[in-house]
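[1] requesting a structural model of the entry that follows:
(one chain, ligands or ions: 1)
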Amino acid sequence: MKYCFGPVPSRRLGLSLGVDILPAKTCNLSCIYCEIGRTTNFTCKRAAYLSTDSIKRELEGLIVKKNIQFDCLTFTASGEPTLHSDLGNLLLFARTLTSKPLVVLTNGTLIWMDEVREALCNADLVLPSLDAVRPRPFRRVNRPLTCIKPERVIEGIRRLRRETTGQIWVETLLVKGINDAPEDIRCLENALNAINPHRIQINTVVRPPAVPWARPLSLAELEQVRNILGKRAEIIASFKKNTNQACQSIEETRILEMLARRPLTLEDIANLTGADRQSLKLTMRGIKEKGLINTEHHGKKIFFTSLKKGTGNNR
Ligand code: SF4
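    Next comes the predicted model:
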């Protein structure tokens, strides 16, 4: 599979068949918490960075011919998926292949553009990010291209909420000492009231970040923020055991493919594969001894990471 990956366990979406529509790492932000590292192609230019026809062919092969099982089809990227100029076309095509929810993970920065909102109106669920409202914390946490301004991001998401029949879940990722000051949360609350999303999802640095000094908030601190943001707000829990049995066997290549997209704990991989922890431990040890993966400590968790850095998006 060149563009699609998984199905992979998602913290929010269940078993998600991912489709990665940009080459690594094409983005207009370089978030300090990004789990796929620093942005190498730093751009705001929308273009068909990967062949639309090739992506369609692969999707059709998997969904129609192979009849792969999944809970939702998630458009993501090794960067920001709205930078792909054919996103709307791809969503329309995907709709002809499946009735499962079509999801787009986005950093929200281009939603102010009419053509991007038009594309996103073809999705069932859009998950835009809004990490900070005040300019300084916005710059510190997201490290955007200079043309990107938080007020434009907010206005774009607000307009999409009015124009789409799909759901809008806004994610806010808080980094200790960067965008979690009381004033930041107050501004965020005002912005979210203006956007009026269906859900607000509060997150923190739970996977190895782009910079080692990006630190998570504690659960108690996240709960305080949730209380301020109100009933629609929830703390995104760690990935829970998925009951879908799409994957029964432990395949080394499949594990490597998953790890090339995002770091995973043993628990994550076990949940996806349905494998028992003991045999999985042996498998992972074997892969590590071959020099194909590494382990990285983050917080109290140990993540397996691919030595072939690559694709995927932690949003
Ligand atoms: S977290 Fe998403 S928006 Fe931020 S740099 Fe990584 S890919 Fe881009």
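[2] what is the burial count for whatever residue of the stretch 151-300 of the chain ends up closest to the ligand?
    The ligand sits closest to Ala210 of the stretch 151-300 of the chain, with a gap of 7.3 Å, by C-beta to the nearest ligand atom. No exception for glycine: its C-beta is placed from N, CA and C like everyone else's. By other C-beta atoms under 10 Å, the residues close to Ala210 number 18.
[3] contacts for stretch 88-104 next, please.
    13, 16, 19, 21, 52, 55-56, 59-60, 63-64, 70-76, 81-82, 84, 87, 115, 118-120, 122-127 (C-beta atoms under 8 Å, 6 or more residues apart in numbering).
[4] any stretches of the stretch 151-300 of the chain with poor pLDDT?
    By pLDDT under 70, the low-scoring segments of the stretch 151-300 of the chain are 237-251, 274.
[5] up against the ligand, what does it have?
    Within the stretch 151-300 of the chain, no position lies close to the ligand (C-beta under 6 Å from any ligand atom).
[6] repeat that for 8 Å
    Within the stretch 151-300 of the chain, the positions near the ligand by C-beta under 8 Å from any ligand atom are Ala210.
[7] need the strands for the stretch 151-300 of the chain, in chain order.
    167-174, 199-204, 233-235, 293-298 (DSSP state E, counting those that start in this stretch).
[8] still on that earlier bit, correct me, but the residue of the stretch 151-300 of the chain closest to the ligand touches Cys31?
    Yes: with contacts counted by C-beta atoms under 8 Å, Ala210 reaches Cys31, the gap being 6.7 Å.
[9] shaky segments in the stretch 1-150 of the chain?
    Within the stretch 1-150 of the chain, the ranges that satisfy pLDDT under 70 run 11.
[10] mind doing that once more with 80?
    Along the stretch 1-150 of the chain, the model assigns pLDDT under 80 to residues 9-12, 77.
[11] can you list the residues of it near the ligand?
    By C-beta under 8 Å from any ligand atom, the residues of the stretch 1-150 of the chain that approach the ligand are 25, 27-31, 33-36, 39, 77-80, 105, 107, 109, 129, 142-143.
[12] from these, which land in helices?
    Asn142 (DSSP state H).
[13] deepest of the strands of the stretch 151-300 of the chain, which one?
    strand 167-174 (a mean of 24; mean count of other C-beta atoms under 10 Å).
[14] need the contact partners of that one.
    Applying C-beta under 8 Å, 6+ apart, the contact partners of strand 167-174 are 12, 31, 33, 108, 124-131, 141, 157, 160-161, 180, 188, 192, 195, 197-205, 217, 221-222, 225, 236, 315.
[15] what do you get if the cut-off is 7 Å, keeping everything else the same?
    Residues outside strand 167-174 that contact it (C-beta atoms under 7 Å, 6 or more residues apart in numbering): 33, 124-131, 157, 160-161, 180, 188, 192, 195, 197-204, 217, 225, 315.
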